[in-house]
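**Student:** Sequence below, structure please.
(2 chains)
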Protein chains: 2
Amino acid sequence: MLPDQTFLRIPGPTPIPPSVQRAMNQPMIGHRDQEIKDLLHSIKPKLKPVFGTSQDVLMIAGSGTAGLESVVTNTVRPGDEVLVIVTGAFGDRFVQICQEYRIATHRFDVEWGEAVKPEAIEDYLKQHHEIKAVFATFCETSTGVLNPVQEIAQVVHQQSDALFIVDGVSCLGGVEAKMDDWGIDILITGSQKALMLPAGLTFLAVSDRAWQVIETNERPSFYLDLTKYRKQLENDSTPFTPAVSLLFGLKQVLELFEEEGLDAVCARHKLMMNMTREAFKTLGIPLLTSDQAASPTVTAIKPHDFDPDALRNVLKKEFKLTTAGGQQHLKGQIFRIGHMGYCSPADVLQTISIIEGALHKIGKHVELGSGTRAAQETMLSGGS
Amino acid sequence: MLPDQTFLRIPGPTPIPPSVQRAMNQPMIGHRDQEIKDLLHSIKPKLKPVFGTSQDVLMIAGSGTAGLESVVTNTVRPGDEVLVIVTGAFGDRFVQICQEYRIATHRFDVEWGEAVKPEAIEDYLKQHHEIKAVFATFCETSTGVLNPVQEIAQVVHQQSDALFIVDGVSCLGGVEAKMDDWGIDILITGSQKALMLPAGLTFLAVSDRAWQVIETNERPSFYLDLTKYRKQLENDSTPFTPAVSLLFGLKQVLELFEEEGLDAVCARHKLMMNMTREAFKTLGIPLLTSDQAASPTVTAIKPHDFDPDALRNVLKKEFKLTTAGGQQHLKGQIFRIGHMGYCSPADVLQTISIIEGALHKIGKHVELGSGTRAAQETMLSGGS
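**Tutor:** Predicted structure coming up:
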């Protein structure tokens, strides 16, 4: 087997584009040099369309969870009531953080693999008037569900004065987001998914009404105090040492987005989702989610007649292709394919054709080439 | 379309493995430092098995043609008779070099796409007794033919005292070569093909009997005087400034060869050839060469009902996949796919599935997935 070749098809971290890798390899600079100011100054306007906002997008050196935690500590205080919509493992994480801070946490559980129905949240809010914030996951990484955050935002604002806070970690940069238009108050993401960077940066954009809440809120955290980041970013700076290499890379990522066009980036992700889904439908291997609930960035497959982890082992050992397994109660029941960031329709063709081969190796005799053909047909009808 | 992604599937230059790229990015060192001696010392023994020789393999900073020219200037002199076996454009190049040096050049032409028959060379040498050297091309890049150099070596030595000199540029490192056992007197290659490096290094190994000829020959070249390279390499050095970055990369390439095993490297190339050929047979698109004459490193396809350059344009523009066209009288009649070096069976699956899609785009409606299936079946039956 060819050494030094790997295929990373998990829902993040994702492969780094060569030009981004080169950008990150630039010589280090002082974190208070003018170069950093210039870098942040050029990054700021280019990040806004990714979030669909006119607000500055804050950047914190840390993983996505630091971003999620910062939102909790900045917007609510112990005893406040919040509603967390839990459609999988990452909704769960919001609950854990809220509980850690002794927030009065209502959890609204949806069966894993399904998207939340806005009407259900509407009903819930009608019965609970003290909710200060509603937390939702945009793409639920653990199941490959894309929740209808635009519609949820609408019912949240119709039924309450609560802030609507969205974890966009595993999809932002791969799906359309119109934070301002849709009425999302805080939108968070991380660097290692559709943003094609290594992990280590988390991003947040905050609406005016959320800033009002934050400004009057007690903040138990020093590092995660969002007002510090806002104030410094106005002067193209950061309150603490920024992750300089990641900023070098981010600038290049945003230039790649501009080169392709954000609409085209989102269309490419939808196409990759459709190619992947049509392939597995043709192979007769069930998908975890419905077409309506499916995310453009990650697809979960729930086979009924073979062990997904046996397939994943063959993919990893014999083809160096890494996929993700199931989490919590879906462990051993599903496998997940990431198709986001530095990933093309041609990569999906390769992934599917490798999986067909690996299926044979574990004794699941699909018609070779048939899933690939379905993906090709989808690609050809959807343009490339 | 995803920017910053390209697929380089020409018969060289080939993609650089990431670890080789990283090795070449090491800080520069002085070309007379002890580090260079250590580097050459570690490279020397690892290069020998690639050539199948106990001789030191000389390295010259230059492209493959510099290597070919060095052989001509070092082994023959104006007026000497040589035989050049021409099976395509690179046989032609040997003729041009010989003519430039006013060598009395016999050319033995074989129809492009066919391999030379050893019996034909046997007959030729029976009728021409003054031939001092026979030049052959191992893999003829322009047609994807692998000439039977082992058998030709045998007839050359049975029928004459001529040196047998082989251009191995587009296959060495991807096919088995047993220079000493087979009786090849000089074997030449370049860095940018199956050796997975950028262009800029040419390699030569020379038999004892060829050294005897070289030692007594007048050499009109200073830079290409092979005796200088031999003498310095004995002391782990080079007569002129070496291409240091390429040597950094070469060390890593040779370590990748050791990791995979040279036999496995050659088996992988054969498998990729078979996968490619079976795919086009199933698609009903003719191959230029017979199975017997085919090279494990490059495949030429000669379609009868579509323009290969139209296909190549779509592959390049819509999929960023670069293939090669035809040369000289095959221009516009064939296209060529390189499958050597940093290329895996999984990459062949991807290449074939992309080509199937591109064929549809130019109006050639093959059965989608059928070529991929043939490649998958070949892969599964041949192991991976």
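**Student:** Could you confirm whether stretch A:252-271 reaches chain B?
**Tutor:** Yes: Stretch A:252-271 is in contact with chain B by Cβ under 8 Å from any Cβ of the partner chain, via A:L256, A:E259, A:E260, A:A264, A:R268. From N, CA and C alone the C-beta is placed, and that goes for glycine too.
**Student:** for stretch A:6-26, same thing?
**Tutor:** Yes: using Cβ under 8 Å from any Cβ, stretch A:6-26 reaches chain B at A:F7, A:P17, A:P18, A:S19, A:V20, A:N25.
**Student:** The fifth one: neighbour count?
**Tutor:** By that I understand A:V20. As a burial measure, A:V20 scores 26 neighbours (other Cβ atoms under 10 Å in any protein chain shown).
**Student:** quick one: low-confidence ranges for chain A?
**Tutor:** Residue ranges of chain A with pLDDT under 70: A:383-384.
**Student:** Do a quick rundown of the helices in it.
**Tutor:** Assigned by DSSP state H, the helices in chain A fall at A:18-24, A:34-51, A:64-75, A:89-100, A:118-127, A:149-159, A:179-182, A:208-216, A:226-234, A:244-260, A:262-283, A:308-319, A:345-361, A:370-382.
**Student:** Leaving out chain neighbours, which residue sits closest to whatever residue of the stretch 101-250 of chain A ends up closest to chain B?
**Tutor:** Of all residues in the stretch 101-250 of chain A, A:M196 sits closest to chain B, at 9.2 Å by Cβ to the nearest Cβ. Closest residue in space to A:M196, ignoring its immediate chain neighbours: A:G341 at 4.2 Å, by Cβ to Cβ, 6 or more residues apart in numbering or on different chains.
**Student:** That neighbour is in contact with A:L195, isn't it?
**Tutor:** Yes: using Cβ atoms under 8 Å, A:G341 is in contact with A:L195, at 6.9 Å.
**Student:** Need the residues touching each of these two.
**Tutor:** Common contact partners of A:G341 and A:L195 (Cβ atoms under 8 Å, 6 or more residues apart in numbering or on different chains): A:G173.
**Student:** which one of the residues of stretch A:252-271 next to chain B is nearest A:F280?
**Tutor:** A:R268 (19.2 Å; Cβ to Cβ).
**Student:** Please list all residues in contact with the closest one.
**Tutor:** So A:R268 contacts A:E260, A:S344, A:P345, B:M1, B:L2 (Cβ under 8 Å, 6+ apart).
**Student:** What's the separation between it and A:P18?
**Tutor:** 18 Å (Cβ to Cβ, to the nearest Å).
**Student:** My guess is A:P308 contacts A:I337. True?
**Tutor:** No: when contacts are counted by Cβ under 8 Å, A:P308 is not listed as touching A:I337 (11.0 Å).
**Student:** Okay, the most centrally placed residue in chain A and A:P78: tell me how far apart.
**Tutor:** The centre of chain A sits closest to A:S170, judged by Cα atoms, centre = their mean, with a distance of 1.3 Å. Look at A:S170 and A:P78: by Cβ to Cβ, they are 29 Å apart.
**Student:** One more: A:M1?
**Tutor:** 55 Å.
**Student:** And stretch A:156-168, what's buried?
**Tutor:** A:V156, A:H157, A:Q159, A:S160, A:A162, A:L163, A:F164, A:I165, A:V166, A:D167, A:G168 (16 or more other Cβ atoms under 10 Å in any protein chain shown).
**Student:** Endpoints of that stretch, how far apart?
**Tutor:** Distance across stretch A:156-168, first residue to last, is 18 Å (Cα to Cα, to the nearest Å).
**Student:** Centre of the chain to that stretch, how far?
**Tutor:** Put simply, stretch A:156-168 sits 19 Å off its chain's centre (Cα atoms, centre = their mean, to the nearest Å).
**Student:** show me the residues around A:Q232 that make contact.
**Tutor:** A:T238, A:P239.
**Student:** if you set the cut-off to 10 Å instead, what comes out?
**Tutor:** By Cβ atoms under 10 Å, 6 or more residues apart in numbering or on different chains, the residues touching A:Q232 are A:L40, A:L58, A:T238, A:P239, A:F240, A:P242.
**Student:** among the residues you listed, which two are most distant?
**Tutor:** A:L40 and A:F240 (13.5 Å).
**Student:** more crowded one of those two?
**Tutor:** Shown here are A:L40 and A:F240; by other Cβ under 10 Å, A:L40 has more neighbours (21 against 13).
**Student:** Give the residues shared as contacts by A:P308 and A:I337.
**Tutor:** A:A300, A:I301, A:T323.
**Student:** show me the contacts for the residue nearest to A:M196.
**Tutor:** Contacts of A:G341 by Cβ under 10 Å, 6+ apart are A:8, A:11-17, A:20, A:173-174, A:192-197, A:253, A:265, A:269, A:297, B:2.
**Student:** Taking the stretch 201-350 of chain A, what residue is nearest to chain B?
**Tutor:** A:Q350 (3.6 Å).
**Student:** So that residue is in contact with B:A375, correct?
**Tutor:** No: with contacts counted by Cβ atoms under 10 Å, A:Q350 stays clear of B:A375, the gap being 11.5 Å.
**Student:** okay, and the common contacts of these two?
**Tutor:** A:T372, B:V348, B:L349, B:Q350, B:T351, B:I352, B:S353.
**Student:** quick one: which of those residues has the most company?
**Tutor:** A:T372 (36 neighbours).
**Student:** residues in contact with it?
**Tutor:** With Cβ under 10 Å, 6+ apart, A:T372 has these contacts: A:275, A:279, A:282-283, A:348-356, B:349-350, B:352-353, B:356-357, B:368-373, B:375-376.
**Student:** thinking again about what came up before, can you list phi and psi of the residue nearest to the centre of chain A for me?
**Tutor:** phi -100, psi 20 (degrees, to the nearest 10).
**Student:** What separation is there between it and A:P15?
**Tutor:** From A:S170 to A:P15 the distance is 15 Å (Cβ to Cβ).
**Student:** Dihedrals phi and psi, the residue nearest to A:M196?
**Tutor:** Dihedral angles (degrees, to the nearest 10) for A:G341: phi 70, psi -130.
**Student:** Residue ranges of each domain in chain A, please.
**Tutor:** A:7-14+A:261-382, A:18-259 (automatic domain parsing).
**Student:** Quick check: which of these is nearest to B:R102?
**Tutor:** domain A:18-259 (47.2 Å).
**Student:** Can you flag the buried ones in the residues of stretch A:252-271 next to chain B?
**Tutor:** A:L256, A:E260, A:R268.
**Student:** does the second one really touch B:P3, like I thought?
**Tutor:** So that's A:E260. Yes: counting by Cβ under 10 Å, A:E260 touches B:P3, with 5.3 Å between them.
**Student:** Kindly write the ChimeraX command that selects the buried subset of the residues of stretch A:6-26 next to chain B.
**Tutor:** To isolate the buried subset of those in ChimeraX, counting by 16+ other Cβ under 10 Å, use the following:
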select /A:7,17,19,20
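**Student:** Go through the residues of stretch A:6-26 next to chain B and say which is closest to B:K117.
**Tutor:** Proximity of the residues of stretch A:6-26 next to chain B to B:K117 (Cβ to Cβ) peaks at A:F7, which lies at 42.9 Å.
**Student:** Quick check: residues of the stretch 101-250 of chain A near chain B?
**Tutor:** A:M196 (Cβ under 10 Å from any Cβ of the partner chain).
**Student:** and A:S54, how many neighbours?
**Tutor:** Counted with other Cβ under 10 Å, A:S54 comes out at 11.
**Student:** picking up where we left off before, and A:M1 and A:P78? which has more neighbours close in?
**Tutor:** Ranked by neighbour count (other Cβ under 10 Å), A:M1 and A:P78 place A:M1 first, with 16 against 10.
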